[in-house]
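A.B. asks: Provided below are the primary sequence and the corresponding predicted coordinates.
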Number of protein chains: 2
Amino acid sequence: MSVVVLTGGVGGAKLVLGLAQLVSAADLTAIVNTGDDFRHFGLAISPDIDTLLYTLSGKSNTELGWGRAGESWNFMAALRSLSAPDWFNLGDGDLALHVLRSARLAAGEPLSAIIADFAAKWDIGLSVLPMTDDAVATRLETDAGLLDFQDYFVRLRCAPATSAIRFDGADAAKPAPGVVDAIMGASAIVIAPSNPFLSVDPILAVPAIRAALAETKAPVVAVSPIVGGAAVKGPTAKLMGELGLMVSASAVAAHYGDILDGLLVDERDPPEDIGGVVVARADTLMHDLDDRIRVARAALALAESLK
Amino acid sequence: MSVVVLTGGVGGAKLVLGLAQLVSAADLTAIVNTGDDFRHFGLAISPDIDTLLYTLSGKSNTELGWGRAGESWNFMAALRSLSAPDWFNLGDGDLALHVLRSARLAAGEPLSAIIADFAAKWDIGLSVLPMTDDAVATRLETDAGLLDFQDYFVRLRCAPATSAIRFDGADAAKPAPGVVDAIMGASAIVIAPSNPFLSVDPILAVPAIRAALAETKAPVVAVSPIVGGAAVKGPTAKLMGELGLMVSASAVAAHYGDILDGLLVDERDPPEDIGGVVVARADTLMHDLDDRIRVARAALALAESLK
């Protein structure tokens, strides 16, 4: 059984960790959103990839919900003493990924090769692939103007109302090496319960990835990010409202459209008529590792049922 | 009384701190070696300037003798976990200067403007001027080949035997704004007891700085880095031997040559005939702030006597 998971940040990483307990590393590939990637003080930051690397190597900060466990913050304190912008928190240990990635990108290495090396150094067996080695930038058209993703997400804490989301560069972006092969060779494809609009859509916006998902014989199942008519975390529900959508599993299914074969819906959600996809239900909240394994198992079972 | 001090790293910073207790900030200018500056992981690092900024703002690590007080090392630990080169120690707080400097240089700001802003943010009143905003690289011809300064100094711990030292880029380098004016308007110029060959020579290798030192009416006095026939720290004595020089105050005076009017020699050193310069003697070891003030006062008194 060869499994591909499309994932964004924290919520997605939880599901990938669950899948990694059920699927051998050689048979598991995570394709990760890079639409959030940006430059800060010239450093190349890949928030979703790093969250996944920290989660899979046991380094994630479960108290904060992001970043590294045991992190220190002397860099930020020194930045503040120099009156430099401090709206994006960079932990002291976390900086190593950004500094090293920036140096290696500047030396001409593609992001995918750098991430593969980071994963190997941290004994992460499964394949962690950026969706692309090309630059794709998620930007939001809002009532505060056109905003870069991190401006919207971190600096403005998702406060502006969004009317449209775009993925600049996606049209011309090529999938990173291995991405299309993984999708075409998969026996199941799982879309993690990441934000469909901000974390999964950038992946789907890369034309050759969308084409591969449409073409692959593997069933494509998503884990709904909606629980009890609300999003577990982040701006998903607020965004859906602003975009004129119901905050519901069926709206998520409709959004993914043709590429989707099955949807794992939280058991708290009201029964809905979800046209065109096979629905399974489970408790999809992931507090601990057992939860993550349970949700991963339910997603794989749904995919298996669709073969 | 308007004082200019030419300085390198740790030893020089001690004297500058002493001078700052005796001379009003508006009347004191430090011209700092940038021949040690280099790029590491793409970050722009200015070791001598940063040492001076830390010293003057009360942030220096007196236990280590370099870097910041209360420094943490999570960045280095994370780098090591990624098998990245770790021969140059970058403290977590220290990184703020390098990251911010790199970003501002990339945005087109000259180094001198960035350093002036850092100094202002840290309430350093005196003028801290890099010798130049242009790239000058100290390199050593050694029995291990041509070495970049930090390769020689940090990675190889000064072990290779040196036959010659060069300052690539110095011939074409222009003094940073304010450097020549400070020299021409000074009533005294002090050369700190930094390494004459590695820390002071790069400053003197900038043609317009050397010309200004030759032209200025102000007396130029140096504090000898030799104490009791040895160097206080660092590779000064080893280098002098390799370059075929006696390890003595007179050899230092001969090295500085025409630009030097006076030399402050340590009282432990044997009396020597030092031709062409006026000699004063004092205890030049600087363990605490009182020592720094004493040495600064002796240097200023020597300069005053030469007017």
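C.D. replies: All right, it came through fine. Numbering: from 1, shown residues only, chains lettered A, B, ... in the order given.
A.B. asks: Quick one: the helices in chain A, in order.
C.D. replies: Along chain A, counting by DSSP state H, helices occupy A:10-22, A:47-56, A:74-81, A:95-106, A:111-121, A:149-150, A:179-185, A:201-204, A:207-215, A:236-242, A:249-256, A:289-305.
A.B. asks: what comes up buried for the longest one?
C.D. replies: So that's helix A:289-305. A:D291, A:R292, A:I293, A:R294, A:V295, A:A296, A:A298, A:A299, A:L300, A:A301, A:L302, A:A303 (16 or more other Cβ atoms under 10 Å in any protein chain shown). Where you see a C-beta, it was placed from the backbone N, CA and C, and this is true even at glycine.
A.B. asks: Hey, what's the angle from it to helix A:10-22? Just curious.
C.D. replies: Relative orientation of helix A:289-305 versus helix A:10-22 (axes from the mean of the first three to the mean of the last three Cα atoms, to 10 degrees): 80 degrees.
A.B. asks: The residue lying closest to A:V278 once chain neighbours are set aside bridge partners, please.
C.D. replies: Nearest residue to A:V278 in three dimensions, chain neighbours excluded: A:G262, at 4.5 Å (Cβ to Cβ, 6 or more residues apart in numbering or on different chains). Bridge pairing for A:G262 (DSSP bridges) gives the partners A:V221, A:V278.
A.B. asks: which residues touch the nearest residue to A:R80 once chain neighbours are set aside?
C.D. replies: Spatially, and ignoring its direct neighbours in sequence, A:R80 is nearest to A:D86 (5.3 Å; Cβ to Cβ, 6+ apart). With contact taken as Cβ atoms under 8 Å, 6 or more residues apart in numbering or on different chains, A:D86 is in contact with A:M76, A:L79, A:R80.
A.B. asks: Recalculate using a threshold of 10 Å.
C.D. replies: Contact analysis of A:D86 by Cβ atoms under 10 Å, 6 or more residues apart in numbering or on different chains lists A:M76, A:A77, A:L79, A:R80.
A.B. asks: Burial check on whichever residue of the stretch 101-250 of chain A sits closest to chain B, number of neighbours?
C.D. replies: Here the stretch 101-250 of chain A gets closest to chain B at one residue, A:A103, 4.2 Å apart by Cβ to the nearest Cβ. A:A103 has 19 neighbours, counted by other Cβ atoms under 10 Å in any protein chain shown.
A.B. asks: What of the one 4 residues further on?
C.D. replies: Each residue near A:A107 was counted by other Cβ under 10 Å, and the total is 9.
A.B. asks: before we move on, the earlier item: how much space separates the residue nearest to A:V278 from A:Y256?
C.D. replies: According to Cβ to Cβ, to the nearest Å, A:G262 and A:Y256 sit 11 Å apart.
A.B. asks: what sits in contact with each of these two?
C.D. replies: A:V220, A:A222, A:V277.
A.B. asks: Check the gap between the last one and A:L15 for me.
C.D. replies: Distance, A:V277 to A:L15, using Cβ to Cβ: 18 Å.
A.B. asks: now the second one
C.D. replies: Applying Cβ to Cβ, the value for A:A222 to A:L15 is 11 Å.
A.B. asks: Could you name every residue contacting both of the two?
C.D. replies: Shared contacts of A:A222 and A:L15 (Cβ under 10 Å, 6+ apart): A:V190, A:I191, A:A192, A:P193, A:S194, A:A299.
A.B. asks: Out of these, flag the one nearest to A:F41.
C.D. replies: Set against A:F41, the nearest of the shared contacts of A:A222 and A:L15 by Cβ to Cβ is A:S194 (26.6 Å).
A.B. asks: Isn't that closest one up against A:G9?
C.D. replies: Yes - when contacts are counted by Cβ atoms under 10 Å, A:S194 is listed as touching A:G9 (6.5 Å).
A.B. asks: I'd like to check which residues are in contact with the residue nearest to A:L15 when sequence neighbours are not counted.
C.D. replies: Residue nearest to A:L15 in three dimensions, not counting chain neighbours: A:A192, with 4.5 Å by Cβ to Cβ, 6+ apart. Contacts for A:A192 were tallied using Cβ under 10 Å, 6+ apart; they are A:5-9, A:11-16, A:18-19, A:30-33, A:52, A:199-200, A:222-223, A:225, A:295-296, A:299.
A.B. asks: Can you check what pLDDT the model gives A:A192?
C.D. replies: For A:A192, the pLDDT comes out at 98.
A.B. asks: how near is it to A:R292?
C.D. replies: Taking Cβ to Cβ, one finds A:A192 at 11 Å from A:R292.
A.B. asks: Need the overlap of contacts for those two.
C.D. replies: A:A13, A:K14, A:L15, A:V16, A:G18, A:L19.
A.B. asks: quick one: contacts for the third one?
C.D. replies: Yep, that's A:L15 we're talking about. A:5, A:7, A:30, A:190-194, A:223, A:284, A:286, A:291-293, A:295-296, A:299.
A.B. asks: isn't A:S187 right up against A:T29?
C.D. replies: No - the criterion here is Cβ under 10 Å, and A:S187 misses it with A:T29 at 11.7 Å.
A.B. asks: Looking at the two, which one has more neighbours?
C.D. replies: Comparing A:S187 with A:T29 by other Cβ under 10 Å, the one with more neighbours is A:T29, at 25 against 18.
A.B. asks: That one touches A:M184, doesn't it?
C.D. replies: No - taking contacts as Cβ under 10 Å, A:T29 lies outside contact range of A:M184: 11.4 Å.
A.B. asks: hey, what's in contact with both of these two?
C.D. replies: Counting by Cβ under 10 Å, 6+ apart, the residues touching both A:T29 and A:M184 are A:V4.
A.B. asks: show me the residues around the closest residue to chain B within the stretch 201-307 of chain A that make contact.
C.D. replies: Scanning the stretch 201-307 of chain A for proximity to chain B using Cβ to the nearest Cβ identifies A:L289 as nearest, at 22.5 Å. Neighbouring residues of A:L289 by Cβ under 10 Å, 6+ apart: A:K14, A:L17, A:G18, A:Q21.
A.B. asks: What of A:I259?
C.D. replies: A:I189, A:I191, A:L204, A:I209, A:R210, A:A212, A:L213, A:A214, A:T216, A:V220, A:A222.
A.B. asks: Give me the pLDDT for it.
C.D. replies: pLDDT recorded at A:I259 is 95.
A.B. asks: where's it relative to A:G93, distance?
C.D. replies: A:I259 sits 38 Å away from A:G93, going by Cβ to Cβ.
A.B. asks: Then A:A218?
C.D. replies: Distance from A:A218 to A:G93, by Cβ to Cβ: 37 Å.
A.B. asks: who has more neighbours, these two?
C.D. replies: Taking other Cβ under 10 Å, A:A218 and A:G93 do not tie; A:G93 has more neighbours (27 against 22).
A.B. asks: doesn't A:V99 make contact with the more buried one?
C.D. replies: No - counting by Cβ under 10 Å, A:G93 stays clear of A:V99, with 11.1 Å between them.
A.B. asks: any shared contact partners between the two?
C.D. replies: With Cβ under 10 Å, 6+ apart as the test, A:G93 and A:V99 both reach B:F75, B:A78, B:L79.
A.B. asks: My guess is the first one contacts B:F88. True?
C.D. replies: The one in question is B:F75. No - if you go by Cβ under 10 Å, B:F75 and B:F88 don't touch, sitting 11.6 Å apart.
A.B. asks: what is in contact with the two at once?
C.D. replies: With Cβ under 10 Å, 6+ apart, B:F75 and B:F88 have no common neighbours.
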